[in-house]
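>>> can you look at this prediction? I've put the sequence above it.
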2 protein chains.
Amino acid sequence: MPVSVTSRALDTRFDRRLAEILDYATEIFAEKGYEGASMRDLSRLSGISLAGLYYYFESKEKLLYFIQQHTFTTIIERLRERLAATTDPEARLRIFVRNHVDYSVAKQKAMKVLAHEDDVLKNGYGTELAATKREYYRICVGLVEGLVKADGLKSVGSNAAATGGINTRTAVMGLFGMMNWLYTWYNPRVDPDAEVLAREISDIFLRGIRAGKMASKPSIDSLQREPVGRPEKKPDSSKETTSSGKRRK
Amino acid sequence: MPVSVTSRALDTRFDRRLAEILDYATEIFAEKGYEGASMRDLSRLSGISLAGLYYYFESKEKLLYFIQQHTFTTIIERLRERLAATTDPEARLRIFVRNHVDYSVAKQKAMKVLAHEDDVLKNGYGTELAATKREYYRICVGLVEGLVKADGLKSVGSNAAATGGINTRTAVMGLFGMMNWLYTWYNPRVDPDAEVLAREISDIFLRGIRAGKMASKPSIDSLQREPVGRPEKKPDSSKETTSSGKRRK
DNA sequence: CTAAAATTAGAACGAACGTTCGAAGAACCG
DNA sequence: CGGTTCTTCGAACGTTCGTTCTAATTTTAG
């Protein structure tokens, strides 16, 4: 019977062993992808027999769930601790970025698994993870809105706010993009450390969403709704492709 | 024998049929991932028998290669056409973003496959795609450097340039992050169209890399080298994980 | 030391995988 | 019309997949 999911309980032999296996699993999932990695790969890497693995978890799916859930909750946990330190909007946003970048740099593989195998888990664990993810997203939106409010003015409407002429959702997703893309390119040997990196990303974002003398139009947009998706038949008009092949022997 | 890979040659029946299959393949690869999707899935979706598929291409791997190579070269092709229109640095950067966003919105699934199955292909096709990708990346770096130069000053050093205090590589990767993350969240029914989206992303990026009155330190950094990676043993000190499991019946 | 509990692993399960083969059907050209 | 070429497919190939069964081994506690 499952007990907890958070950090505690590294005490028992069982938990320590499971944690070790999860690290190995994170490694191959990051390397070969969830579907591409086999339990036999994990067996080989961990040195535990194929059947032996199943003493610690009940399925490959649950293995992925453990990894993702732990990664997510740890990030949020640490964020909450750090955010308690200040109420200044800009400082809080910088803390958010710093926290995310810190974890991405320290646990690059776990972040890759989190970002890469995002929509693998289905109805059971999938919805729970989606909720955790939404929670994290909402924290970020809250920080950005706090920032917009603190800067005074420039906010247009209530849910379709404009940040320097930029939709809040777009801005937040842009920030997540910069941070979550890290795993594809970050190389500790040539790239700045987490502190510098977080500052650079924060700078781009903060300057980016604040109004300045723009080259194009200042900000006349305010017509963007929130995500409430109504069901509908999607036409999806995409066609066109390549040619070339083998053409029969 | 393979002939071309670019846009032409939708003439023959063979090419038209292959193009159709590639569209179906893009769809399931986007939905289930390359490893997760089976040839039987593709057979079912396309209505072509399992064996019949192999008349048009020689392996699942080649299928992925076709999709990725075509997507990449099309984007670059269109970009080159559009860039010919102007020499103004800012306008050119905006064209780059617009072109990328346009394609991402119009061919969301293809972009997902491109971004998601980035490191699946190995030595043969893999290196060719990597070269194409690097070419695209270099175009973007060129545009950003042109922008920095046009803004005058602020450039520090030659390869470790500072754009408003931000490493060029970081800035470019941040931009790619914003654009390539699109496929994870963009919803045509609630989000701005490509034009608006491209403008918002460009605005964030352009304001972001230009110096302004900052809240924190202005820009004293200039100590970041370029990617020249020397081979070395990576220690990779990451440990720590979750607990909880089933604990034997 | 002994007995119970926790932990490991060899071997095998059915299912699904990518791919191939040979023959049958459809289209084309004289 | 007949003959050649292009296109399609059912059936099967060998392999690998996630998972389970059962028994043996190791650890723990009295």
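Nice, I can see it.

>>> hey, let's count contacts and neighbours off CA atoms from now on
Noted.

>>> number of nearby residues for the residue nearest to A:Ala115 when sequence neighbours are not counted?
Counting by CA to CA, 6 or more residues apart in numbering or on different chains, A:Asn180 is the residue found nearest to A:Ala115 once chain neighbours are left out, at 7.0 Å. A:Asn180: 24 surrounding residues under other CA atoms under 10 Å in any protein chain shown.

>>> again with the one 3 residues further on
The criterion is other CA under 10 Å. On that basis, A:Tyr183 has 19 neighbouring residues.

>>> cool, A:Asn123 as well?
Counted with other CA under 10 Å, residues neighbouring A:Asn123 total 7.

>>> least confident secondary structure element in chain A?
Among the helices and strands of chain A, strand A:162-163 carries the lowest confidence by mean pLDDT, DSSP states H and E, at a mean of 58.

>>> and chain B, is the helix or strand following it touching that?
Counting by DSSP states H and E, the element after strand A:162-163 in chain order, helix or strand, is strand A:166-167. Yes: among the residues of strand A:166-167, A:Ile166, A:Asn167 lie within reach of chain B under CA under 8 Å from any CA of the partner chain.

>>> do the same with stretch A:43-57
Yes: contact of stretch A:43-57 with chain B (CA under 8 Å from any CA) involves A:Tyr55, A:Tyr56, A:Phe57.

>>> likewise stretch A:77-84?
No: if you take CA under 8 Å from any CA as the test, stretch A:77-84 misses chain B, and the best it gets is 13.5 Å.

>>> next: stretch A:88-106.
Yes: judged by CA under 8 Å from any CA, stretch A:88-106 comes into contact with chain B at A:Ala106.

>>> what sits up against that stretch?
Applying CA atoms under 8 Å, 6 or more residues apart in numbering or on different chains, the external contacts of stretch A:88-106 come out as A:75, A:78-79, A:82-83, A:86, A:111, A:140, A:143-144, A:146-147, A:150, A:179, A:182-183, A:186, A:188, A:194-195, A:197-199, A:201-202, B:238.

>>> in helices, which of those residues fall?
With helices taken from DSSP state H, the overlap with these comprises A:75, A:78-79, A:82-83, A:111, A:140, A:143-144, A:146-147, A:150, A:179, A:182-183, A:194-195, A:197-199, A:201-202.

>>> out of those, which are buried?
Buried residues within these, counting neighbours by 16 or more other CA atoms under 10 Å in any protein chain shown: A:75, A:79, A:83, A:111, A:140, A:143-144, A:146-147, A:179, A:182-183, A:194, A:197-199, A:201-202.

>>> for chain A, what are the low-confidence residue spans?
Chain A contains residues with pLDDT under 70 at A:1-10, A:153-164, A:212-249.

>>> which bits of chain A sit near DNA strand C?
Residues of chain A found near DNA strand C, taking CA under 7 Å from any atom of the strand as the criterion, are A:Arg13, A:Phe14, A:Gly47, A:Ile48, A:Ser49, A:Leu50, A:Ala51, A:Gly52, A:Tyr55.

>>> quick check: closest non-adjacent residue to A:Leu79.
In space, A:Leu79 is closest to A:Asn99, 6.1 Å off (CA to CA, 6+ apart).

>>> related to what we said a few turns ago, buried among the residues of chain A next to DNA strand C? Make that a PyMOL selection.
Selection of the buried residues among the residues of chain A next to DNA strand C in PyMOL, burial being defined by 16+ other CA under 10 Å:
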select buried, chain A and resi 14+55
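
>>> just checking, what packs against the host helix or strand of A:Thr132?
Per DSSP H and E, A:Thr132 falls inside helix A:123-150. Helix A:123-150 sits against helix A:60-83, helix A:89-106, helix A:168-180, with contacts defined as 3 or more CA pairs under 8 Å, 6 or more residues apart in numbering or on different chains; DSSP states H and E.

>>> swap the cut-off to 10 Å and go again
Packing partners of helix A:123-150 (3 or more CA pairs under 10 Å, 6 or more residues apart in numbering or on different chains; DSSP states H and E): helix A:60-83, helix A:89-106, strand A:162-163, helix A:168-180, helix A:194-209.

>>> single out the most deeply packed of the ones you listed.
Neighbour counts averaged per stretch over those are highest for strand A:162-163, at a mean of 26; criterion: mean count of other CA atoms under 10 Å in any protein chain shown.

>>> ok, A:Asp203 touching B:Thr170?
No: A:Asp203 is beyond contact range of B:Thr170, at 11.6 Å (criterion: CA atoms under 10 Å).

>>> mutual contacts of the two, please.
Contact criterion CA atoms under 10 Å, 6 or more residues apart in numbering or on different chains; residues shared by A:Asp203 and B:Thr170: A:Leu197.

>>> am I right that A:Asp118 is in a strand?
No: the assignment for A:Asp118, made by DSSP: H, G, I helix; E, B strand; the rest coil, is coil rather than a strand.

>>> tally of neighbours for A:Thr87?
The number of residues packed near A:Thr87 is 10, by other CA under 10 Å.

>>> how near is it to DNA strand D?
46 Å (CA to the nearest atom of the strand, to the nearest Å).

>>> contacting residues for that residue?
Shown in contact with A:Thr87 (CA under 10 Å, 6+ apart): A:Gly146.

>>> leaving out the residues flanking it, which one is nearest to A:Asp119?
Leaving aside its sequence neighbours, A:Asp119 sits nearest to A:Gly126 (CA to CA, 6+ apart; 7.5 Å).

>>> correct me if wrong: A:Val144 contacts A:Thr170.
No: using CA under 10 Å, A:Val144 makes no contact with A:Thr170, being 11.4 Å away.

>>> how about the residues of chain A by DNA strand D?
With the criterion set to CA under 7 Å from any atom of the strand, chain A comes near DNA strand D through A:13, A:35, A:37-41, A:50-51, A:54, A:58-61, A:247-248.

>>> quick one, what contacts A:Ile139?
With contact taken as CA under 10 Å, 6+ apart, A:Ile139 is in contact with A:Ile76, A:Leu79, A:Arg80, A:Phe96, A:Glu145.

>>> do A:Ile201 as well
Contacts of A:Ile201 by CA under 10 Å, 6+ apart are A:94, A:97-98, A:101, A:175, A:178-179, B:166, B:170-171, B:174, B:208-209.

>>> how far away is it from B:Thr12?
Using CA to CA, to the nearest Å, we find A:Ile201 at a distance of 49 Å from B:Thr12.

>>> again, but for A:Cys140
52 Å.
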